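> Mind folding the following:
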Amino acid sequence: MSSISYSSISQVASLLHSKQISPVELLDAQLSRISDLQPELNAFVQLDADAARAAARELSAKTPAGQLHAIPLTIKSCIEVANWRVPAGSLLRANEIPSRTAPIVERFRNAGAILPGSTNTPEFLMAYETDNRVTGRTNNPWNLDYSAGGSSGGEAAAIAAGLSFGGIGSDGGGSIRVPAHFCGICGLKPTPGRIPATGHIPPGNCSFGWIGVVGPMARTAADLRILFNVLAGPDPGDPFSAPAPIQELSTARGKKIRIGVLDSSTIGPATPESLAAVIHAGKLLEQSGFYAEPFELHSLDRALELWWFFFGPVIAQLFTPMVEGKESQLSPIFLDYLEAARPDEPTTMLDFITKSAARDAERARILEAMENVPVLLSPVSSAPAFKHGEGTWRSPNGFRETMRHSQWLNLAGLPGLSVPISTSSEGLPIGVQLIGRPNEEELLLAIAESLELARGPWQCPPFP
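This next block holds a predicted model:
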């Protein structure tokens with residue numbers, strides 16, 4: 001059954017619709033695969049096989065209706081699901097069981113999806129390595145010695161290994177796109193509010209909640225589109241939620257859209273293989289009828305400094321009262337974040353207001369530069385996946401240097417989509433990043449599908 005586990009959502013939906021496989025048979029195949037591979041990958045936090053089987057039996061008696069009828073999907077374990085543990089990777093939340101379910105999870109269920117379980121994260125999501133003191137370390141299915149990325153590392157590993165057909169991650173500085181890049185799948189960081197983050201832990205209902213979003217992850221851009229269409233739409237629990245309707249943009253081929261190949265020197269260095277993947281992707285897009293041209297976006301250092309102000313000192317100060325005196329229960333990787341992020345002096349209200357105004361100015365400057373170039377192309381990070389333990393917040397070559405290519409988008413509130421393109425000399429996936437203007441996710445998805453078509457079929461990892 002491993003072949004069906006790597007099928008696309010539309011392929012599986014066709015098999016279910018034609019009754020070549022039943023919902024119960026499909027779920028049993030997935031649960032068996034999870035049982036076989038979970039000991040090595042450690043992608044899951046919560047498994048609810050009994051509830052999933054009950055849902056599969058119920059759906060077996062129904063005519064397929066929703067877009068995700070009987071498709072097994074997964075949820076990052078920082079998103080509330082009633083009666084499931086939602087630890088967000090922390091011993092301080094190890095026994096937290098919410099009574100409510102996030103609207104995006106309900107949207108999956110209303111579309112017919114079956115949810116076998118939730119996936120692993122670093123503590124409070126504050127690292128690009130998925131490891132914690134509750135459920136341990138998640139391994140990369142391309143090479144178990146390497147990181148699956150973070151903070152949606154469990155989700156990326158599960159999808160890449162065929163344990164899930166897709167799911168929901170979250171992204172405050174690359175936490176969807178980087179794990180997708182590390183594990184060779186696709187991930188979409190949407191515009192803040194396009195998909196509601198209600199029910200996400202930590203909550204985003206604050207004055208800088210735009211920095212973090214929730215979004216779909218899947219093996220292909222076509223699958224991302226299906227998930228995005230189900231998840232998108234406003235919700236009153238998300239203050240950034242907006243009623244932006246789905247645009248029917250099924251293809252972007254032949255439209256002569258300008259795609260700016262972002263000058264990497266404006267962000268930071270990347271490995272030769274990572275840059276080669278961007279160049280290759282640009283050529284594939286040109287072959288597909290797009291204009292791919294060099295593009296400079298000056299002074300992104302300022303955007304990155306501002307991103308770190310909110311993601312680092314501000315968030316660290318919010319965590320401090322919660323964790324003070326409980327340091328012995330915290331994971332080393334979270335302590336590493338706190339050490340790097342705590343400011344010498346407390347942030348004042350004037351600092352916050354000044355930086356918020358500066359953020360708005362930077363965002364306006366970036367959007368003005370993109371007025372005639374609606375899509376940019378860049379690396380996702382400076383390199384493919386790193387070995388376990390080699391990624392830290394400490395300089396030099398800490399996360400502030402290696403993940404710059406993804407972080408600035410969260411400051412500007414732009415959508416970004418990671419697409420696998422090639423593999424490194426070590427056999428690790430290399431993705432590229434498509435960057436769009438606010439609320440133009442449909443254009444990114446259409447271009448990503450064209451890029452995949454030119455690239456060739458999705459490649460599964462060398463894993464059982």
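> How many residues are close by Ala61?
By other C-beta atoms under 10 Å, the residues close to Ala61 number 7. Glycine gets a C-beta too; all of them are placed from N, C-alpha and C.
> Could you tell me whether Arg225 really is in a strand?
No - counting by DSSP: H, G, I helix; E, B strand; the rest coil, Arg225 falls outside a strand, being helix.
> Test my guess that it contacts Leu444.
No - taking contacts as C-beta atoms under 8 Å, Arg225 lies outside contact range of Leu444: 9.9 Å.
> Those two: who's more crowded?
Neighbours per residue (other C-beta under 10 Å) separate Arg225 from Leu444, with Leu444 holding more: 30 against 26.
> what's the helix or strand for that one?
For Leu444, the host element (DSSP states H and E) is helix 441-455.
> hmm, who's touching that helix?
With contact meaning C-beta atoms under 8 Å, 6 or more residues apart in numbering, helix 441-455 is reached by 186, 188, 190-191, 194, 220-222, 224-225, 228, 232, 246-253, 257, 259, 281, 284-285, 287-290, 374-375, 415-417, 419, 421, 434-436, 458.
> Could you do stretch 232-240 as well?
Against stretch 232-240 from outside (C-beta under 8 Å, 6+ apart): 103, 107, 190, 192-199, 204-205, 209-210, 241-244, 246, 441.
> I'd like to know which of the residues you listed are part of helices.
Those of the contacts of stretch 232-240 mapping onto helices are 103, 107, 441, per DSSP state H.
> so how far is Glu296 from the first one?
The spacing between Pro103 and Glu296, counted by C-beta to C-beta, to the nearest Å, is 40 Å.
> The residue nearest to Ile226 when sequence neighbours are not counted: neighbour count?
Leaving aside its sequence neighbours, Ile226 sits nearest to Ile9 (C-beta to C-beta, 6 or more residues apart in numbering; 5.3 Å). When neighbours are defined as other C-beta under 10 Å, Ile9 has 23 of them.
> and Ile9, what does it touch?
Ile9 neighbours (C-beta under 8 Å, 6+ apart): 68, 71, 165-166, 218, 222-223, 226-227.
> ranges for the strands of this structure?
Listed in chain order, the strands of the chain (DSSP state E) span 44-47, 72-76, 114-119, 139-140, 143-147, 167-171, 186-189, 213-218, 258-262, 291-295, 375-379, 416-423, 429-436.
> Tell me which of the ones you listed is the most buried.
Burial of the strands of the chain is given as mean neighbour count (mean count of other C-beta atoms under 10 Å); strand 186-189 ranks first at a mean of 32.
> Show me the contact partners of it.
With C-beta under 8 Å, 6+ apart, strand 186-189 has contacts from 152, 156, 169, 171, 174, 176-177, 179-181, 213, 215-221, 223-224, 228, 409-410, 415-420, 431, 441, 444-445, 448.
> Apply 6 Å and report the result again.
For strand 186-189, contacts defined as C-beta atoms under 6 Å, 6 or more residues apart in numbering pick out 171, 176-177, 180, 213, 215-218, 221, 224, 416-419.
> List just the nearest of the residues you listed to Ser60.
Using C-beta to C-beta, Ala218 comes nearest to Ser60 of the contacts of strand 186-189, at 24.1 Å.
> surely the closest one meets Leu224?
Yes - with contacts counted by C-beta atoms under 6 Å, Ala218 reaches Leu224, the gap being 5.0 Å.
> returning to that earlier point: so among the contacts of stretch 232-240, which ones count as buried?
Taking 16 or more other C-beta atoms under 10 Å as the criterion, what is buried in the contacts of stretch 232-240 is 103, 107, 190, 192-199, 204, 209-210, 241, 244, 441.
> Where is the longest helix in the protein?
In terms of residue count, the longest helix belonging to the chain (DSSP H) is helix 349-369.
> Tell me which other helices or strands that helix touches.
Using 3 or more C-beta pairs under 6 Å, 6 or more residues apart in numbering; DSSP states H and E, the elements in contact with helix 349-369 are helix 300-309.
> State the mean pLDDT of the helix it packs on.
For helix 300-309, mean pLDDT rounds to 96.
> chain center to it: distance?
Offset of helix 300-309 from its chain centre (C-alpha atoms, centre = their mean, to the nearest Å): 21 Å.
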